[in-house]
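A.B. asks: with the input below, show me the fold.
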Amino acid sequence: MSKRTGSADVFDQVHDTETEATELTTAAETTDVTGADAAAETTEPAAAASKRRVGLAAVVCALLFTILVAALGFLGWRQYEQYRVNAASDAALQAAKDYAVVLTTLDAKNIDENYRKSLDGSTGEFKDAYSQGATQLRQVLIDNKASGTGIVVAAAVKSATPDKVEVLLFVDQSITNANNPSPRIDRNRIDMTMEKVGDRWLASRVEIL
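C.D. replies: Next up is the predicted model:
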C-alpha cells in the first residue's frame, strides 16, 4: 500500500507540474494577446491624431495662402488706384494752368478766337454759363478796346479722383483798355474743377475767390 501511495503522489506531482506549466503558457499567451491588442489600440489613436494634425496643417496653410493672395491683391489695387489719381492730378493740373491762361488772355481784335478757345476747354455748367454771358461781354471788350494777358504764378491740386480734380491757381492778369493804356495787374485766385471727358480734361467749374 505504501508503494502505491508513493506512486500516486509522484503522479499527482507530475500532473500538478503539467497543469501549472499549461496555466503559465496560457497566461503568457493571454498576456501576449492583451499586449498586442493594447499596442494596436494605442497605435490607432496615434495614427488618427497624426492624420488630424496633417489635415489641420493643410487647412491652416490654405487659409494663410488665401489671406496672402487677398492682401497682395488689395495692395496691388491700392497702388493702381493711387497711380491713376497721381496721373489724373498731373494731367488735370497742367490742363487747368493752360485753361487759366486762355480765360485771362483776351484781345478785342481776336475776341471770337478767344471765345472759341474758352468754350472748347469747358464743359457742363461752366460752359453753359460762359456761353450765355459771352455775347454781352464780347461787346464790352470791343467797345473799350480791352486786352488782357494772364500768367499762372502758382497752382496746386486741392483734391483728386481718377475722373475729377480740383485745382487752386494764382493768376496775374495784365489789363489794358482805351482809357488806361498802361497795363494794370490784377492778382486773382481761381478755384477750378477739371473733369475728364473722353481723353481730355475740361473745366466744369471756375470760381474767382
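
A.B. asks: helix or strand: which one has the residue most central in space within the chain?
C.D. replies: In the chain, the C-alpha nearest the mean C-alpha coordinate belongs to R78, at 2.5 Å (C-alpha atoms, centre = their mean). Using DSSP states H and E, R78 sits in helix 2-104.

A.B. asks: can you give the strand pairings for the helix or strand just after that helix, parallel or anti for each?
C.D. replies: Counting by DSSP H and E, the next helix or strand C-terminal to helix 2-104 is strand 106-107. Sheet pairing here is set by DSSP bridges, and for strand 106-107 it gives strand 147-160 (antiparallel).

A.B. asks: which outside residues touch the next helix or strand after the strand it pairs with?
C.D. replies: Counting by DSSP H and E, the element after strand 147-160 in chain order, helix or strand, is strand 164-176. Contacting residues not belonging to strand 164-176 are listed as 88-89, 92-93, 96-97, 100-101, 104, 146-160, 182-196, 201 [C-beta atoms under 8 Å, 6 or more residues apart in numbering]. Just so you know, the C-beta spots here come from the backbone N, C-alpha and C atoms, and that holds for glycine as well.

A.B. asks: any of the residues you listed buried? List them.
C.D. replies: 88-89, 92-93, 96-97, 100-101, 104, 146-148, 150, 152, 155, 157, 160, 188, 190, 192-196, 201 (16 or more other C-beta atoms under 10 Å).

A.B. asks: so where's this protein shaky on pLDDT?
C.D. replies: For the chain, the stretches with pLDDT under 70 are 1-55.

A.B. asks: now do stretch 111-131: distance to the chain's middle.
C.D. replies: Here stretch 111-131 is found 37 Å from its chain centre; the criterion is C-alpha atoms, centre = their mean, to the nearest Å.
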